[in-house]
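Trainee: Quick one: sequence and predicted model below, then my questions.
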Amino acid sequence: MKLFRCQICGDPYLGSAPPSFCPFCGASEKYMVPAEAYVDRNYIPDMSPRSRENLETALALEVANAAFYFCASNCAGNPVDQAMFKALAKAESEHASLICKLLQVSKPEIKPDDKACRKDPRANFNESHGRETRAVAFYRQAAAEAVEDRIREIFTALSEIESYHIALSEARK
């Protein structure tokens, strides 16, 4: 067994090889490094006002999406849909945790948003697709606007992760 850490969320993973995707935030294998090579780069003392504003917007987006997915999981009609929505909720919650580290704020409590989802799983997959599409567009824009290397890396990784989420929702629509 070896210990790996995700350069995006920082969470550890035990295995004989790095996973294809971080099991916590969903970042691709390229962000998984041996624990000895991990460097915590989440303290950014001179963050630009624009990066801070984009991170605050991202936090609100991730909290809202996690709350939606927790609700969708509770409303899912079968165990597969329920598990997928739950996994997406956990990933979005992990993204919120990461953003809170960067902003140096406490993570808000995330509860299922019963007004955001429907009893119809197809409607929830359509809603998921729209949410993820908007997230990808925002994260690409935020990455382009970031002047800090770490903030650009985070927004780029989030854009990639949310793109994977789009593929999941498309497969289930």
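Mentor: Good, I have the coordinates. Numbers count the residues shown, from 1 in each chain.
Trainee: Just give the number of residues close to the residue nearest to Gln104 when sequence neighbours are not counted.
Mentor: Distances taken as C-beta to C-beta, 6 or more residues apart in numbering place Tyr43 nearest to Gln104, at 7.8 Å, with adjacent residues excluded. In short, each C-beta sits where N, CA and C put it, glycine included. Tyr43: 10 surrounding residues under other C-beta atoms under 10 Å.
Trainee: Just give the closest residue to Phe24, not the sequence neighbours.
Mentor: Spatial nearest neighbour of Phe24, chain neighbours left out: Asp11 (4.1 Å); criterion: C-beta to C-beta, 6+ apart.
Trainee: Okay, that neighbour and Ala87: tell me how far apart.
Mentor: With the distance defined as C-beta to C-beta, to the nearest Å, Asp11 ends up 15 Å from Ala87.
Trainee: looking at the protein, which residue lies furthest from center?
Mentor: Met1 (26.7 Å; C-alpha atoms, centre = their mean).
Trainee: what packs against the helix of greatest length in the chain?
Mentor: Ranked by residue count, the top helix of the chain under DSSP state H comes out as helix 49-75. When contacts are defined as 3 or more C-beta pairs under 8 Å, 6 or more residues apart in numbering; DSSP states H and E, helix 49-75 packs onto helix 79-103, helix 121-145, helix 149-172.
Trainee: which residues are contacting the last one?
Mentor: Put plainly, it is helix 149-172. 7-8, 21, 25-28, 31, 41-42, 44, 47, 51, 54-55, 58, 81, 84, 88, 91, 95, 98-99, 102, 121, 125-126, 128-129, 132-133, 135-136, 139-140, 142-143, 146 (C-beta atoms under 8 Å, 6 or more residues apart in numbering).
Trainee: Quick check: buried residues in that helix?
Mentor: By neighbour count, with 16 or more other C-beta atoms under 10 Å as the criterion, the buried positions of helix 149-172 are 150-162, 165-166, 168-169, 172.
Trainee: and the residue nearest to Phe24, how many residues sit next to it?
Mentor: Applying the criterion other C-beta under 10 Å, we find 16 residues in the vicinity of Asp11.
Trainee: What's the separation between it and Ser51?
Mentor: Here Asp11 is placed at a distance of 23 Å from Ser51 (C-beta to C-beta).
Trainee: Over to Ala144?
Mentor: Using C-beta to C-beta, Ala144 is found at 12 Å from Ser51.
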